[in-house]
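Q: what's the 3D shape of this:
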Amino acid sequence: MNEKLNNKQKAIKQLRNEFEVWDDFLAEIDSKQANVFIYDKRRLKDEIAHLWAWQKLSVSRLEAAKNDGFPDFTEIIEHGFVPEDSKEWDQFNEMIYQKYKNKSWENTYSDWRDNFLYFMELAEEIDNKDYLARNKYVWMNGQPLIDVLSGSFWHHHNDHWPNIIDSNLIVV
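A: Here you go, the predicted model:
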């Protein structure tokens, strides 16, 4: 269940814990393991590139909030994709796969790691009241900014970690 968070520090703590789980696991992965297919013709490396690309959107949102501006998605988005439109997510996910499928494991992991750390650093710089205010950021479509933190956590934890567990890359 996607529990709504209502406190910046709790959300960041949850993200840090999630980052540590992922980073501890990924730090031990070599290029051969990263290229193991884990489901639906996607490799572990593809899964991490997917998470990195989506988190780039989250970083853009936090940068916009910090700078009192609008998110700039041009670095990651092509073809006029609108991240808030769930009807386009499959198309966006396929674009991510096609764009990054030949990227090395080392660069994929490094980019994911650096971006996640930057995301948490940015998160610390924004006031708690700004996270909780509805309608403060028109580009959030009436949702509070804390949903960006919560969404990143749940995207890693619920949407993708089970794929990793099921891949048998983790021995429990």
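
Q: Point out where the chain drops to low pLDDT.
A: 1-6, 77-86, 157-160, 162-163, 165-172 (pLDDT under 70).

Q: Can you show me the strands along it?
A: Using DSSP state E, the strands of the chain run over residues 37-39, 42-43.

Q: so what's the closest residue to residue 72 other than its chain neighbours up against?
A: The shortest distance from residue 72 to any non-neighbouring residue, by CB to CB, 6 or more residues apart in numbering, is to residue 60 (5.6 Å). Every residue, glycine included, has its C-beta placed from N, CA and C. By CB atoms under 8 Å, 6 or more residues apart in numbering, residue 60 lies in contact with 71, 72, 73, 75, 76.

Q: Quick one: buried ones out of those?
A: Among the contacts of residue 60, those scoring as buried are 71, 73, 76 (criterion: 16 or more other CB atoms under 10 Å).

Q: List the contacts of residue 76.
A: Here residue 76 is in contact with 53, 56, 57, 60 (criterion: CB under 8 Å, 6+ apart).

Q: Tell me the spacing between the nearest residue to the second one once chain neighbours are set aside and residue 154.
A: Excluding its sequence neighbours, the residue lying closest to residue 56 (CB to CB, 6+ apart) is residue 76, at 4.5 Å. With the distance defined as CB to CB, to the nearest Å, residue 76 ends up 20 Å from residue 154.
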